[in-house]
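**Student:** Below is the structure, and that's it, no one-letter string:
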């Protein structure tokens, strides 16, 4: 009879331990789910901040690109004016050289 009691007590202990293990397993699973949810929320927040920063950087880059384009246009216009000025001066000098040559030629003929 005492052996049956011992077996019964052992079975009760095993059942109790099994129930405790199931409870621990369930508790751990819940904790894992909570941690996963928190990690997902943090990851989403980080992604959102990164997207916002990336958008801001893209906007600044576009603005700087536009500013550089405008500066380049101004430089091109300024260079074009200067080239036109040099071209006009060259035309004047060429004309003056031709006139001077003609005058020298006429003077040589008069002598």
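**Tutor:** Good, I have the coordinates. Note that the coordinates shown come from a computational prediction; the quantities given were computed from them, not determined experimentally.

**Student:** Near residue 5, how many other residues are there?
**Tutor:** Residue 5 is flanked by 9 other residues according to other C-beta atoms under 10 Å. C-beta coordinates here come from the backbone N, C-alpha and C atoms, glycine included.

**Student:** Now do stretch 103-111, average pLDDT.
**Tutor:** For stretch 103-111, mean pLDDT is 79.

**Student:** Next, the buried residues of it.
**Tutor:** Using 16 or more other C-beta atoms under 10 Å as the burial criterion, none of the residues of stretch 103-111 qualify.

**Student:** And the strand or helix carrying residue 107, what does it pack against?
**Tutor:** Element membership for residue 107, per DSSP states H and E: helix 2-110. Judged by 3 or more C-beta pairs under 8 Å, 6 or more residues apart in numbering; DSSP states H and E, helix 2-110 is in contact with no other helix or strand.

**Student:** Pull the distance from that helix to the chain's centre.
**Tutor:** 0 Å (C-alpha atoms, centre = their mean, to the nearest Å).

**Student:** neighbours around residue 58, how many?
**Tutor:** For residue 58, using other C-beta under 10 Å, the count is 10.

**Student:** What of residue 34?
**Tutor:** Neighbours around residue 34, by other C-beta under 10 Å: 10.

**Student:** next one: residue 76
**Tutor:** Neighbours around residue 76, by other C-beta under 10 Å: 10.

**Student:** That one and residue 50, how far apart?
**Tutor:** Per C-beta to C-beta, to the nearest Å, residue 76 is found 38 Å from residue 50.

**Student:** likewise residue 24?
**Tutor:** 38 Å.

**Student:** and what of residue 36?
**Tutor:** 21 Å.
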